[in-house]
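Engineer: how does the following fold in three dimensions:
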Amino acid sequence: MSDKDLMDQEEIYSKVLRAGRRTYFFDVRSTKAGDYYLTITESKKFTHDDGSFHYKKHKIYLYKEDFHSFKDIMEEMMDYIIDEKGIEVISERHQKDFKKEEEPSKNGDLESTESFTDVDFDDI
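Structural biologist: You can find the predicted model right below:
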């Protein structure tokens with residue numbers, strides 16, 4: 001059996017959530033013993049200066065014995081965020097009138113954060 005056949009065999013049910021440059025894949029898969037588990041994959045598109053692009057992927061494997069606790073904590077965290085910050089999205093990407101905060105430079109003048117390099121901590 002080829003690797004592709006094996007992958008097709010273990011993927012049982014899938015849903016996709018496209019969210020800007022991120023895509024989330026929710027896949028029910030089968031273990032060798034025939035039980036099911038969930039994989040959640042975040043795929044993030046990065047574009048190079050020359051117009052070419054690549055994707056970074058991060059995957060979580062979630063097994064049935066952890067479903068209840070995972071769901072409880074996920075709901076608690078989402079509720080906390082909504083309670084603290086509301087449902088409105090606060091970011092440059094989502095608000096046309098969002099103003100970047102100025103940072104003081106070493107000489108005391110205000111300095112724009114526009115030259116700041118976007119750092120990705122996903123791989124830590």
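
Engineer: do a quick rundown of the strands in this protein.
Structural biologist: 11-19, 22-30, 36-47, 53-63, 103-104, 110-111 (DSSP state E).

Engineer: pairing partners for the second one, with directions?
Structural biologist: Right, strand 22-30. Applying DSSP bridges to the sheet, strand 22-30 is found paired with strand 11-19 (antiparallel), strand 36-47 (antiparallel).

Engineer: would you put the C-alpha positions of the last one in CSV?
Structural biologist: Okay, so that is strand 36-47. Output of strand 36-47 as CSV, limited to C-alpha atoms (Å, rounded to 0.1, in the frame of the first residue of the first chain):
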residue,chain,number,x,y,z
TYR,A,36,-10.4,7.8,15.9
TYR,A,37,-8.5,10.9,16.9
LEU,A,38,-8.5,14.6,15.8
THR,A,39,-5.7,16.5,14.2
ILE,A,40,-5.8,20.3,14.0
THR,A,41,-3.4,21.8,11.5
GLU,A,42,-2.6,25.5,11.1
SER,A,43,-1.2,26.3,7.7
LYS,A,44,0.2,29.9,7.4
LYS,A,45,1.1,31.4,4.0
PHE,A,46,4.3,33.5,3.8
THR,A,47,5.1,35.6,0.7
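
Engineer: tell me the angle it makes with strand 53-63.
Structural biologist: Angle, strand 36-47 to strand 53-63, by axes from the mean of the first three to the mean of the last three C-alpha atoms, to 10 degrees: 160 degrees.
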